[in-house]
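Student: Any chance you could fold what I've pasted below:
(chains A, B, C and D)
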Protein chains: 2
Amino acid sequence: MSVQERKERERASRERLIVATARELAEQQGWDAVTTRKLAERIEYSQPVLYSHFRGKREIIGAVALDGAAELAVALRAATAAADGPRARVTALARGYLDFAERNPAVYDALFQLDGGLAFAQEDTPEPLKDAFAALLECLGEVAGEGVHPGVFTELFWASLHGLATLTRAGRLPRAFAEQRVELLVDRLAVV
Amino acid sequence: MSVQERKERERASRERLIVATARELAEQQGWDAVTTRKLAERIEYSQPVLYSHFRGKREIIGAVALDGAAELAVALRAATAAADGPRARVTALARGYLDFAERNPAVYDALFQLDGGLAFAQEDTPEPLKDAFAALLECLGEVAGEGVHPGVFTELFWASLHGLATLTRAGRLPRAFAEQRVELLVDRLAVV
DNA sequence: TCGATTGTCTAGCGGTGCTAGGATCGGGTC
DNA sequence: GACCCGATCCTAGCACCGCTAGACAATCGA
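Tutor: Modelled structure (predicted):
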């Protein structure tokens, strides 16, 4: 029995290695460079080993996304915890979100740009995704305003942040006035 | 001389055919299905012909994006023209934008999701892109509010719309409350 | 120690974007 | 009208992609 347990541990460890390596490679050279061949070479196994852990590349992206969602939730809660008052918390949240996207572009892509085969906004949505949204909701629910559904408000605020993050990173928005845009977003959307 | 002119006309015509076919194929089956082989087959030429018009697939996407930008500008101006008053114009603009993204997903992707090799928010940005942004600015400049730079405000509003469009289409936002989100966005961001 | 099972690798499939080099076609010149 | 030459196009192929069948080796239980 102990032998089987050891094997399971080793297997789980290798799976973590695959996900971590995929993420590392993606952050270094972009997701286009994350090919099954390169990934297999980096973990020092052959390609088919990847397919004994994941159905395919999509599922690997999904695994990176789930890790990222958990980290995003932690980052958001850490950002808001240090701030005093609803207004400051929302500003900190927005900055924390955009900062996360900027610092972890590959993870952000895995989460929100690429197809990782994950279900969003549904019953079978994985827990880390729900929790990341919950982290947003905890802070934004305070400033939704009278008669506005907190969930809908959070979705809108999130969408705005997502738009800013993606358009900025793709060079479609100039970085020059990034801070003004964030302040304007918080000023207008949040009801203090 | 006339012979040469005829050849140039035919060449330009074939180039339009390539772009139109790429767009059609992308709208029908998604950009992943737009391979140089399928595209070449549809226009009834061999693959290398594509490369006598464009440097590569990226440039073809860029050409579709430019066409789309011109159409988007027209659609936005048409949407706002029918509305009375700044508030109604902004609502119409937002709906028009999201409607365009929903109806032309492949074109929208070419414009704002994929890499078409186009410069954004720079001096050498192609005219259709500048004009599409101008169409947004014309309407949104009216409601930026005191002391807020119209351009920065437009960028923020656009980013919010972009976030709503992409997250909704990717199934990351439920379609259920789409209309509420738009109304909330206009209510809060626009200063009437 | 042997057989079965599990695990891994080699090799290869059909596909991708892109290109080198040969064939062919048509226009301009004698 | 015949010929040459340049422009134009296609065939064939490169290196790479995601993914998988089947051979092989290592390990376990009897």
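Student: Pull out the buried positions in the lengthiest helix in chain A.
Tutor: If you go by DSSP state H, chain A has its longest helix at helix A:2-29. Residues of helix A:2-29 classed as buried under the neighbour-count rule (16 or more other CB atoms under 10 Å in any protein chain shown) are A:15, A:18-19, A:21-23, A:25-27. (C-beta placed from N, C-alpha, C; glycine too.)
Student: Likewise for stretch A:67-74?
Tutor: For stretch A:67-74, the buried set under the neighbour-count rule, 16+ other CB under 10 Å, comprises A:67-73.
Student: any weak-confidence spans in chain A?
Tutor: Counting by pLDDT under 70, chain A has low-confidence residues at A:1-4.
Student: And the helices in it?
Tutor: Using DSSP H, the helices assigned to chain A run over residues A:2-29, A:36-43, A:47-53, A:57-81, A:85-103, A:105-112, A:127-140, A:150-169, A:178-189.
Student: Identify whichever of these lies nearest to DNA strand C.
Tutor: Minimum separation from DNA strand C across the helices of chain A (CB to the nearest atom of the strand) falls at helix A:47-53, 3.8 Å.
Student: Quick check: the gap between the residue of chain A found nearest DNA strand D and residue B:39.
Tutor: When you check chain A against DNA strand D by CB to the nearest atom of the strand, the closest residue turns out to be residue A:56, at 2.7 Å. As judged by CB to CB, to the nearest Å, residue A:56 and residue B:39 stand 26 Å apart.
Student: which residues sit in contact with the nearest residue to residue A:134 once chain neighbours are set aside?
Tutor: With CB to CB, 6 or more residues apart in numbering or on different chains as the criterion, residue A:134 has its nearest non-adjacent residue at 7.4 Å, and that residue is residue A:73. Remark: with contacts taken as CB atoms under 8 Å, 6 or more residues apart in numbering or on different chains, residue A:73 is in contact with A:128, A:131-132, A:134-135.
Student: what do you get if the cut-off is 6 Å, keeping everything else the same?
Tutor: Counting by CB atoms under 6 Å, 6 or more residues apart in numbering or on different chains, residue A:73 touches A:131-132, A:135.
Student: about what we covered before: neighbour count winner among residue A:56 and residue B:39?
Tutor: When residue A:56 and residue B:39 are compared for neighbours, residue B:39 comes out ahead with 22 against 11, by other CB atoms under 10 Å in any protein chain shown.
Student: give the contact list for that one.
Tutor: By CB under 6 Å, 6+ apart, the contact list for residue B:39 reads residue B:22.
Student: The one 3 residues further on now?
Tutor: Residue B:42 makes contact with residue B:21 under the criterion CB under 6 Å, 6+ apart.
Student: residues from chain A in reach of chain B?
Tutor: By CB under 6 Å from any CB of the partner chain, the part of chain A that sits against chain B consists of A:120-121, A:152, A:155-156, A:159-160, A:162-164, A:167, A:171-174, A:177, A:180-181, A:184-185, A:188-189.
Student: Show the buried residues in those residues.
Tutor: Here the buried ones among the residues of chain A next to chain B, as counted with 16+ other CB under 10 Å, turn out to be A:120-121, A:152, A:155-156, A:159-160, A:162-164, A:167, A:172-173, A:177, A:181, A:184-185, A:188-189.
Student: The closest residue to residue A:140 other than its chain neighbours: neighbouring residues, count only.
Tutor: Beyond its immediate neighbours in the sequence, the residue positioned closest to residue A:140 (CB to CB, 6+ apart) is residue A:154, lying 4.5 Å away. The tally of other residues near residue A:154 (other CB under 10 Å) stands at 20.
Student: Does residue A:154 touch residue A:139 like I think?
Tutor: No. Applying CB atoms under 6 Å, one finds residue A:154 not in contact with residue A:139, separated by 8.7 Å.
Student: quick check: domain ranges of chain A?
Tutor: Split into domains by automatic domain parsing, chain A comes to A:1-54, A:58-189.
Student: Can you give the distance of the first one from its chain's centre?
Tutor: This means domain A:1-54. Averaged C-alpha coordinates place domain A:1-54 at 20 Å from its chain's average position (CA atoms, centre = their mean, to the nearest Å).
Student: before we move on, what about the longest one?
Tutor: Relative to its parent chain, domain A:58-189 has a centroid offset of 8 Å by CA atoms, centre = their mean.
Student: right, is that domain up against DNA strand D?
Tutor: Yes. With CB under 7 Å from any atom of the strand as the threshold, domain A:58-189 lies in contact with DNA strand D, specifically through residue A:58.
Student: Same question for stretch A:9-29.
Tutor: No. In this structure, stretch A:9-29 remains apart from DNA strand D according to CB under 7 Å from any atom of the strand; the gap is never smaller than 10.1 Å.
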